[in-house]
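Asker: Just need the structure, nothing else, for what follows:
(one chain, ligands or ions: 1)
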Amino acid sequence: MHDLFQYDADLTALNTFRLPACARTLLRLRTVDDARAFAAARHDDDPLPLILGGGSNLVLGGGPLAVVLKVEIGGRRKLGEDGDMVVVEAGAGESWHDFVRWTLVEGWPGLENLALIPGTVGAAPIQNIGAYGLEMAERFDSLTALDLGSGEVRQFDAAACRFGYRESVFKHAPGRWLVVAVRFRLPRRWQPRLDYGELGCELAARGIVVPTPLQVFDTVAAIRRRKLPDPAELGSVGSFFKNPLVDTARAAALLAVHPELPHYPQPDGRVKLAAGWLIERCGWKGRRLGSVGCHSSQALVLVNHGGATGADVLELAARVRGTVRERFGVDLEIEPVVIFDEEQ
Ligand code: EPU
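Answerer: Presented below is the predicted three-dimensional model:
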């Protein structure tokens, strides 16, 4: 597998934030056997690698990383039907958006609200991607992952993944589990998911009353193109902070002063607040700090205007968090994975 190795590899083009970083060894994994061979050759005291999919949820520091695995395992297929569900599987390296489009073309709707999310199928469960009224966990069946510590292959069902809002068991053990394939359960009796206000409004504006799955897919993609930067033009990782969850008392106190604050009561009694609104109210929307800034259409998205480093991004993030904490008493949590240790 020697053609899969690259030494002192520049990672700038391999992360959507376009942050400079380098890998002492970059290894492309094209098959499950490549992944197994890597695990078998690894010594227990070797540092855990950085596992890279589309690099779209990552903040890289400048220091060299020892080993970076670029997951390029492809393949997608229908596994079977199970009562009211179709079960489909994709290799971890497949593009998420292309996979979603493929399921729709094949006639298996259910993932259309997650159109145009950058990144790979294998990365989707790591942060339980979600958008426009749907979280990936709701369509998840199971996944296969390789334990890079022991070399063991393990199947994870949804309970084992411990999904939460932009959360999973994998997010807390970076470098340990290499996801090789993910399976989804798609409903045969499809109903559109139009709970997210902006999606309903946009469909209505297009004169669509009962949308097809493809119309939902196209409409979500159009909203995303309008609001979020195109990673090919402006580096970013999408939302940089999670929408904060606060208790009812804190939410009531904030809403008494700011009744227009967008908020979403949760099943567990807590209330999710729109971080983008809080950040915009602090004056950050469209504002720059050197080569980084808050996006002009979505304050929750930090962008690289060109030449930024991971340190620049973290400095802006600290400033934004500081002003939001000071003004609203709310702590914002960083959403992407931050890799800053040299020779990790
Ligand atoms: N808002 C503002 N100002 C802003 C941004 C947002 O006032 O600068 C307000 C909006 O007007 C709206 C509310 O905040 O009332 C929510 O905004 P939006 O619909 O844009 O969604 P979001 O909560 O900011 C989340 C996800 C996105 C996902 C959208 C749509 C997180 C961290 N982000 O953003 O996911 O696309 O909802 O479902 O939950 C991502 O994770 O990278 C991502 C883009």
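Asker: Let me know whether residue 145 touches residue 180 as I believe.
Answerer: Yes: the criterion here is C-beta atoms under 8 Å, and residue 145 meets it with residue 180 at 6.5 Å. Yep, even glycine has a C-beta here, placed from its N, CA and C like the rest.
Asker: what's the overlap in contacts for the two?
Answerer: By C-beta atoms under 8 Å, 6 or more residues apart in numbering, residue 145 and residue 180 have these common neighbours: residue 153.
Asker: Helices of the stretch 151-300 of the chain, residue ranges please.
Answerer: Using DSSP state H, counting those that start in this stretch, the helices of the stretch 151-300 of the chain run over 158-161, 197-205, 213-227, 248-257, 275-281.
Asker: can you tell which of the ones you listed is closest to residue 173?
Answerer: helix 158-161 (11.8 Å; C-beta to C-beta).
Asker: Let's have the helices of the stretch 151-300 of the chain in JSON lines, adding mean neighbour count and distance to residue 81.
Answerer: What follows is those, written out as JSON lines (neighbours: other C-beta atoms under 10 Å; distance: least, C-beta to C-beta, whole Å):
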{"stretch": "helix 158-161", "mean neighbour count": "14", "distance to residue 81": "19"}
{"stretch": "helix 197-205", "mean neighbour count": "15", "distance to residue 81": "28"}
{"stretch": "helix 213-227", "mean neighbour count": "18", "distance to residue 81": "18"}
{"stretch": "helix 248-257", "mean neighbour count": "13", "distance to residue 81": "43"}
{"stretch": "helix 275-281", "mean neighbour count": "22", "distance to residue 81": "40"}
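Asker: Put together CSV for the ones you listed, with distance to residue 97 and mean pLDDT on each row.
Answerer: As requested, the helices of the stretch 151-300 of the chain are exported to CSV (distance: least, C-beta to C-beta, whole Å; pLDDT from 0 to 100):
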stretch, distance to residue 97, mean pLDDT
helix 158-161, 22, 98
helix 197-205, 17, 96
helix 213-227, 8, 97
helix 248-257, 34, 97
helix 275-281, 23, 98
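Asker: Kindly present those as a markdown table, with separate columns for distance to residue 184.
Answerer: A markdown table is the format used below for those (distance: least, C-beta to C-beta, whole Å):
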| stretch | distance to residue 184 |
| --- | --- |
| helix 158-161 | 11 |
| helix 197-205 | 21 |
| helix 213-227 | 14 |
| helix 248-257 | 34 |
| helix 275-281 | 28 |
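Asker: Residues of this structure that sit close to the ligand?
Answerer: 131-132, 196, 198, 227-228, 238-239, 242-243, 262, 274, 276-277, 280, 285, 298-300, 335 (C-beta under 6 Å from any ligand atom).
Asker: Strands - which of those land there?
Answerer: Mapping these onto strands (DSSP state E) picks out 131, 238-239.
Asker: Out of these, which comes closest to the ligand?
Answerer: Set against the ligand, the nearest of these by C-beta to the nearest ligand atom is residue 238 (2.4 Å).
Asker: Mean confidence (pLDDT) on stretch 43-51, please.
Answerer: Averaging pLDDT along stretch 43-51 yields 90.
Asker: for stretch 290-310, same thing?
Answerer: The pLDDT scores in stretch 290-310 average 97.
Asker: which helices and strands sit right next to the longest strand along the chain?
Answerer: Longest strand of the chain, by residue count under DSSP E: strand 177-187. For strand 177-187, the packing partners by 3 or more C-beta pairs under 8 Å, 6 or more residues apart in numbering; DSSP states H and E come out as helix 32-41, strand 65-71, strand 85-91, strand 140-147.
Asker: May I see those organised as TSV, with mean neighbour count added?
Answerer: Formatted as TSV, those follow (neighbours: other C-beta atoms under 10 Å):
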stretch	mean neighbour count
helix 32-41	16
strand 65-71	23
strand 85-91	21
strand 140-147	20
